[in-house]
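Undergrad: just to be clear, the model below is a prediction. Sequence and coordinates:
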Amino acid sequence: MTTWWPYARLAASVLAVAAIVAQLVRTLEIALASETAWGAHLPTVFVNFFSFFTILSNVLAAAALAIGGIWALANRRTASPEPGWFAVFLVCASTYAIVTGVVYNTLLRGIELPQGSTVPWSNEVLHVVVPLIMLLDLLFAPRRRALGWGAVGVAAIFPIVWVAYTLIRANLVISPSTGEPWWYPYPFLNPHRYGYGGVALWVLLIAAIIMATAALVVWVGRRRGTRDPA
């Protein structure tokens, strides 16, 4: 496994990037074909695309898989565990990807989107394949480093920043698809639909899922990984 796992990581990284690019191209094509000023506003469409937690989590997963694969190949003659900084990054990337898979397939899969707005294979890669790959990497990748429980707190930082960014930015842009004077990447973050109390409950629920997932990822790493000598 030590021999071929780095190549599997690199291949998975390429697949994730290809899925992101394919969906980005489709999104920009729709914007270029739009007959409204807000629908054709490419800067907004581009920033909106990279404001989805799905996209961001897959970007981080692709980066983690690429870095992990390259590091393993560069250090294949040693048996040392992965660097501490990378172990923390991998905890974060694994947590976000797994949460993306769980939340999408339990809460969002049934939501109807405009016909032709998604690339089917890309959608499955981003929401199913990459989360499963990150789970398998967590369970089977060699040379894991065990981390302290503080890594769970580190994993919570990015989602907190993302929620704050999303709620602040939402009312500063016009939705390219509807022309409404706000844009939220996911319906459960939209206070115009659920009220701020409802949004707060959804945020707390997903925060709990993220923290529980991060704790699970760290726990598995502590069970499988190598600890720094004290």
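TA: In hand now; what should we look at?

Undergrad: what's the neighbour count on residue 224?
TA: The local packing count at residue 224 equals 16, with neighbours defined by other CB atoms under 10 Å. C-beta coordinates here come from the backbone N, C-alpha and C atoms, glycine included.

Undergrad: once you drop chain neighbours, what's closest to it?
TA: If you skip the residues right next to it in sequence, residue 224 has residue 144 as its closest partner in space, 5.1 Å away by CB to CB, 6 or more residues apart in numbering.

Undergrad: any low-confidence regions in the protein?
TA: Low-confidence segments of the chain (pLDDT under 70): 1-2, 112-116, 228-230.

Undergrad: max-length helix in it?
TA: helix 191-224 (DSSP state H).

Undergrad: quick one: it to chain centroid distance?
TA: Taking the mean of its C-alpha atoms, helix 191-224 sits 13 Å from the chain's own mean (CA atoms, centre = their mean, to the nearest Å).

Undergrad: packing partners for it?
TA: With contacts defined as 3 or more CB pairs under 8 Å, 6 or more residues apart in numbering; DSSP states H and E, helix 191-224 has these neighbours: helix 84-103, helix 130-140, helix 150-170.

Undergrad: list the contacts of the residue nearest to residue 39 when sequence neighbours are not counted.
TA: The shortest distance from residue 39 to any non-neighbouring residue, by CB to CB, 6+ apart, is to residue 176 (4.7 Å). Neighbour list for residue 176: 31, 34, 38, 39, 40, 41, 44, 45, 48, 183 [criterion: CB atoms under 8 Å, 6 or more residues apart in numbering].

Undergrad: how close does residue 176 get to residue 41?
TA: In this structure, residue 176 and residue 41 are separated by 7 Å, where distance is defined by CB to CB, to the nearest Å.

Undergrad: one more: residue 100?
TA: Applying CB to CB to residue 100 and residue 41 gives a distance of 27 Å.

Undergrad: with residue 188 instead?
TA: Taken as CB to CB, the spacing of residue 188 relative to residue 41 amounts to 25 Å.

Undergrad: go on, residue 10?
TA: The gap separating residue 10 from residue 41 is 36 Å, by CB to CB.

Undergrad: mind listing what the residue nearest the centre of the chain touches?
TA: Averaging the C-alpha coordinates of the chain gives a centre point, and the residue nearest to it by CA atoms, centre = their mean is residue 57 (1.4 Å). Residue 57 sits next to 93, 96, 97, 99, 100 when contact means CB under 8 Å, 6+ apart.

Undergrad: could you dump the residues you listed to CSV with neighbour count?
TA: Compiled in CSV, the contacts of residue 57 are given as follows (neighbours: other CB atoms under 10 Å):
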residue, neighbour count
93, 28
96, 28
97, 30
99, 22
100, 25
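
Undergrad: thinking again about what came up before, just put the contacts of residue 176 in CSV and tack on secondary structure.
TA: Formatted as CSV, the entries for the contacts of residue 176 read as follows, by DSSP: H, G, I helix; E, B strand; the rest coil:
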residue, secondary structure
31, helix
34, coil
38, coil
39, coil
40, coil
41, coil
44, helix
45, helix
48, helix
183, coil
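
Undergrad: generate a ChimeraX selection restricted to the buried subset of these.
TA: Only the buried members of those enter the following ChimeraX selection, criterion being 16 or more other CB atoms under 10 Å:
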select :31,34,38,39,41,44,45,48,183
